[in-house]
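*Asks:* I would like the atomic coordinates for the input below:
(chains A and B)
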2 protein chains.
Amino acid sequence: MIPEGDDHERLVCADCGFVLYENPKVIVGAVCSWEGRTLLCRRAIEPRLGTWTMPIGYMELGETTEQGAAREVWEEAQAQVEIDALLGIYSIPEISQVHLIYRARMLSPSCAAGPESLEVGLFRWDEIPWDDLSYPNVRWSLEYDRDMKGHTGFAPCGRPMG
Amino acid sequence: MIPEGDDHERLVCADCGFVLYENPKVIVGAVCSWEGRTLLCRRAIEPRLGTWTMPIGYMELGETTEQGAAREVWEEAQAQVEIDALLGIYSIPEISQVHLIYRARMLSPSCAAGPESLEVGLFRWDEIPWDDLSYPNVRWSLEYDRDMKGHTGFAPCGRPMG
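*Replies:* I've put the predicted structure just below:
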């Protein structure tokens, strides 16, 4: 039903009137580099189990987007990074998600599979498993990261047209 | 409690095991311009009732960030806009919000107070009620919008340091 003063349907408890406001979720991640190589993780969980992605996951309460991205890098790839520029912002309205992908500099080449990764690794451009990436925005983020090497102050990319 | 396989505390129903994943909320808004003037709304609701802001509000399910920003402009100021570049991204971890503020071009000077606004108007720079803005990021967004006039492909601004 639509609560009084609102203009969207919400789930409302018929007994106590509690209104559940469901909102889009923020996904944060980072394209992390060390000496020209890129950190990728092979997913140990569904969806897209077994495919490769930059570290990425749900933003948590009480953190900034940059802190969330660095936390996901640590949890999924046990790597320490310094978050740099915002590379991409992708809305996926079909599943009510907003993906915010940062560029990050690894503080050392150290990395290891966290509980949600089967394996992790540092890939040169021609070693990246292009045919086995988890989602289109993994490719878009990797390509934009390469295009923006050495640049600062650029606009984040979004979903390509068409 | 922390559900199995998770690493954050969640609210879990002791009876049925339902896990409530609470995540940060996305706030979308737009600095809207018409012939050098900026669209501002005086808030008809708490918090900060009676203060001035660009149109801004909670992103809803099933929309992109740009669609959400344009929807808020319509709901709060009854103005039609074309969303342009991302001006700002502000995390407020204390209240688990992420604000995404766009630059937008009004399609006509037409505007009117929506149900959440007491009044709306198009302000020249020296007419903006600087001492009566709702939040610091209203000022930051207005200033960055002015700084970026005529520019494209710029990085969004964040919370100033210090």
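*Asks:* Over to A:L39: give its phi and psi.
*Replies:* The phi/psi pair for A:L39 (degrees, to the nearest 10) reads phi -80, psi 120.
*Asks:* How many neighbouring residues does A:C16 have?
*Replies:* A:C16: 6 surrounding residues under other Cβ atoms under 10 Å in any protein chain shown. Every residue, glycine included, has its C-beta placed from N, CA and C.
*Asks:* Three-state assignment for it, please.
*Replies:* State at A:C16, reduced to three classes by DSSP: H, G, I helix; E, B strand; the rest coil: coil.
*Asks:* distance of it from B:C157?
*Replies:* As judged by Cβ to Cβ, to the nearest Å, A:C16 and B:C157 stand 42 Å apart.
*Asks:* go on, A:P136?
*Replies:* Counting by Cβ to Cβ, the gap from A:P136 to B:C157 is 28 Å.
*Asks:* What of A:S141?
*Replies:* A:S141 is 21 Å from B:C157, where distance means Cβ to Cβ.
*Asks:* Those two - which one has more neighbours?
*Replies:* A:S141 (28 against 20).
*Asks:* tell me the phi and psi of the residue nearest to the spatial centre of chain A?
*Replies:* In chain A, the centroid-proximal residue (Cα atoms, centre = their mean) is A:G29; its distance is 3.0 Å. Dihedral angles of A:G29 (phi, psi; degrees, to the nearest 10) stand at phi -160, psi 180.
*Asks:* before we move on, what about A:Q67?
*Replies:* Residue torsions, per degrees, to the nearest 10, at A:Q67 are phi -60, psi -40.
*Asks:* How about the contacts made by it?
*Replies:* By Cβ atoms under 8 Å, 6 or more residues apart in numbering or on different chains, the contact list for A:Q67 reads B:91, B:93.
*Asks:* List the buried residues for the host helix or strand of A:G88?
*Replies:* Element membership of A:G88 [criterion: DSSP states H and E] is strand A:81-92. Within strand A:81-92, the residues that qualify as buried by neighbour count (16 or more other Cβ atoms under 10 Å in any protein chain shown) are A:81, A:83-92.
*Asks:* Downstream of it, the next helix or strand is which one?
*Replies:* Helices and strands here follow DSSP H and E; after strand A:81-92, the next one along the chain is strand A:97-106.
*Asks:* ok, that following strand: who's next to it in the sheet?
*Replies:* Partners of strand A:97-106 in the sheet, by DSSP bridges, are strand A:25-34 (parallel), strand A:81-92 (antiparallel).
*Asks:* how much space between A:Y90 and A:V98?
*Replies:* Shown here: A:Y90 relative to A:V98, a distance of 7 Å by Cβ to Cβ.
*Asks:* Likewise for A:F154?
*Replies:* Here A:F154 is placed at a distance of 19 Å from A:V98 (Cβ to Cβ).
*Asks:* Which one of those two is surrounded by more residues?
*Replies:* The neighbour comparison of A:F154 against A:V98 (other Cβ under 10 Å) goes to A:V98, with 24 against 16.
*Asks:* Please tell me the pLDDT value assigned to that one.
*Replies:* pLDDT, A:V98: 97.
*Asks:* tell me which residues form a beta bridge with it?
*Replies:* In beta-bridge terms (that is, DSSP bridges), A:V98 pairs with A:V26, A:S91.
*Asks:* Surely it touches A:M59?
*Replies:* No - the criterion here is Cβ atoms under 8 Å, and A:V98 misses it with A:M59 at 9.2 Å.
*Asks:* and for those two, which residues touch both?
*Replies:* Common contacts of A:V98 and A:M59 (Cβ under 8 Å, 6+ apart): A:25-27.
*Asks:* ok, back up a step: tell me the one of the buried residues of strand A:81-92 nearest A:G50?
*Replies:* Of all the buried residues of strand A:81-92, the one sitting nearest A:G50 is A:I92; the distance, using Cβ to Cβ, is 21.2 Å.
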